[in-house]
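> Fold the stuff below for me.
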Amino acid sequence: MNIRSLTRGDGVVIGAAVLLLIASFLDIYSVDGAPDSVEYPNSWESGPLLMSVVLAGVIGAVLIVVSRGTAQPRKVAGIDLGQFGLAATVLAAWAALGNVFDPLGGANNGGSGTSDGPTAGIGIILSLVATLIMAAAAIATPLVPALKGALLGAPRPQQPQPYGGQPQQGYGYPGAQQHPGGPGQQQPYGAQQPGPGQQQPYGGQPQQQGGAPAPQAAAQPPAADFSPFWFAVPVPRPLFAEDGSQAQIAELAPGTWYLAVEQRGPGLVAQTQDGRRGVLQDTSGIQRG
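Next comes the predicted model:
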């Protein structure tokens with residue numbers, strides 16, 4: 001599970017679930033005029049309230065967060081876990097609303113018919129607020145741009161890198177390139193191999209030795225205008241096969257650095273951590289490393 005793929009809306013759902021757990025330990029009803037020494041039950045002492053509001057809301061929040069944090073949506077009976085979670089939060093809010101109007105669940109409907117009786121306590125009122133926020137956030141996250149933003153931003157490189165520069169070894173991406181020039185190290189993409197005993201800058205042409213005439217420029221392959229660079233996506237983006245088909249081979253998640261190895265029209269050919277390569281068609285808003 002990649003927590004950096006969570007959105008701001010998921011953060012609201014998590015916060016509402018925490019509020020619901022706190023409310024479950026508070027009084028679910030109160031009686032006007034009762035002495036302060038009277039102890040009232042909480043949600044954990046009421047089976048229907050515990051099952052229909054507290055557990056339903058918390059389980060729904062967990063399903064929503066887990067569904068959002070996994071690269072491939074998990075389904076049960078053909079239904080996405082996030083949809084199960086959304087339905088659970090809506091039902092929890094509906095049950096909490098009913099308990100606010102009738103905190104005793106019909107136990108006080110008989111008797112002398114007087115209007116005096118228990119009223120909703122702070123616990124059930126906070127439970128209603130928490131479940132309403134939870135359900136509203138779950139519904140609005142795919143629709144409101146402010147809630148679709150990443151909850152945690154992508155980590156910045158340890159040292160500033162120029163555009164097209166490679167991050168230092170050990171940062172972020174497995175098998176990151178080492179700095180050129182050392183023995184046994186590979187040259188960066190697009191650089192020419194230096195001659196014996198020579199050092200040359202990135203992308204430079206090898207120097208001629210012994211006063212030999214330099215070959216004509218037309219004989220040298222043209223230098224590539226594109227240099228590989230690291231990038232992160234602001235929201236989950238699909239990665240399609242390189243053959244031009246619309247077959248999705250992976251999904252790029254926010255908070256992870258990927259290597260762009262080639263320009264393909266308006267898109268980029270990107271490489272994932274496990275070595276898979278595909279075309280990122282939507283490059284809007286990407287963050288370069």
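> so where is the stretch 151-289 of the chain shaky, pLDDT-wise?
153-224 (pLDDT under 70).
> one more time with 90, if that's ok
Low-confidence segments of the stretch 151-289 of the chain (pLDDT under 90): 151-269, 271-278, 281-289.
> Secondary structure element holding the closest residue to residue 125 other than its chain neighbours?
The spatially closest residue to residue 125, leaving aside those adjacent along the chain, is residue 100, at 6.4 Å (Cβ to Cβ, 6 or more residues apart in numbering). No exception for glycine: its C-beta is placed from N, CA and C like everyone else's. Here residue 100 is covered by helix 81-101, with elements defined by DSSP states H and E.
> Going C-terminal from that helix, what's the next secondary structure element?
strand 119-120.
> Partner strands of that next one, with direction?
Strands that pair with strand 119-120, judged by DSSP bridges, come out as strand 29-30 (antiparallel).
> and the next element down the chain from the strand it pairs with?
Assignment by DSSP H and E places the next element after strand 29-30 at helix 47-49.
> name the helices or strands packed onto that next one?
The contact analysis (3 or more Cβ pairs under 8 Å, 6 or more residues apart in numbering; DSSP states H and E) places helix 47-49 against no helix or strand.
> Skipping its backbone neighbours, what lies nearest residue 52 in space?
Closest to residue 52 by Cβ to Cβ, 6+ apart is residue 95, at 3.9 Å.
> if I look at the one you found, how far off is residue 49?
The gap separating residue 95 from residue 49 is 8 Å, by Cβ to Cβ, to the nearest Å.
> So the two - more neighbours on which side?
In this view residue 95 and residue 49 are compared by other Cβ atoms under 10 Å, and residue 49 has more residues nearby, 25 against 21.
> In terms of secondary structure, what does the strand or helix carrying residue 16 contact?
According to DSSP H and E, residue 16 maps onto helix 8-23. Helix 8-23 sits against helix 56-69, helix 122-140, helix 145-148, with contacts defined as 3+ Cβ pairs under 8 Å, 6+ apart.
> Helix 56-69 and that one, what's the angle between them?
If you take axes from the mean of the first three to the mean of the last three Cα atoms, to 10 degrees, helix 8-23 sits at 150 degrees to helix 56-69.
> Next, find the distance separating residue 126 from residue 104.
Per Cβ to Cβ, residue 126 is found 18 Å from residue 104.
> what does residue 240 give?
Taking Cβ to Cβ, one finds residue 240 at 58 Å from residue 104.
> Quick one: closest of the helices and strands packed on helix 8-23 to residue 287.
helix 145-148 (15.9 Å; Cβ to Cβ).
> Kindly provide the whole-number mean pLDDT of the closest one.
What helix 145-148 shows for mean pLDDT is 81.
> returning to what we had before: surely the residue nearest to residue 125 meets residue 128?
Yes: Residue 100 is in contact with residue 128 according to Cβ atoms under 8 Å; the separation is 5.4 Å.
> So those two - more neighbours on which side?
residue 128 (23 against 17).
> which residues does the more buried one contact?
93, 96, 97, 99, 100 (Cβ atoms under 8 Å, 6 or more residues apart in numbering).
> Residue 255: which of these is nearest?
residue 93 (30.5 Å).
> how close does the closest one sit to residue 131?
4 Å.
> which of the two has more neighbours?
When residue 93 and residue 131 are compared for neighbours, residue 131 comes out ahead with 31 against 23, by other Cβ under 10 Å.
> Which strand runs longest in the chain?
In the chain, with assignment by DSSP state E, the single longest strand is strand 258-264.
> For that one, give me every contacting residue.
Taking Cβ under 8 Å, 6+ apart as the rule, strand 258-264 contacts 173, 189, 226, 228-233, 242, 252, 268-273, 277, 279-280.
> Repeat the analysis, applying 7 Å as the threshold.
If you take Cβ atoms under 7 Å, 6 or more residues apart in numbering as the criterion, strand 258-264 is touched by 173, 226, 228-231, 252, 268-272, 279.
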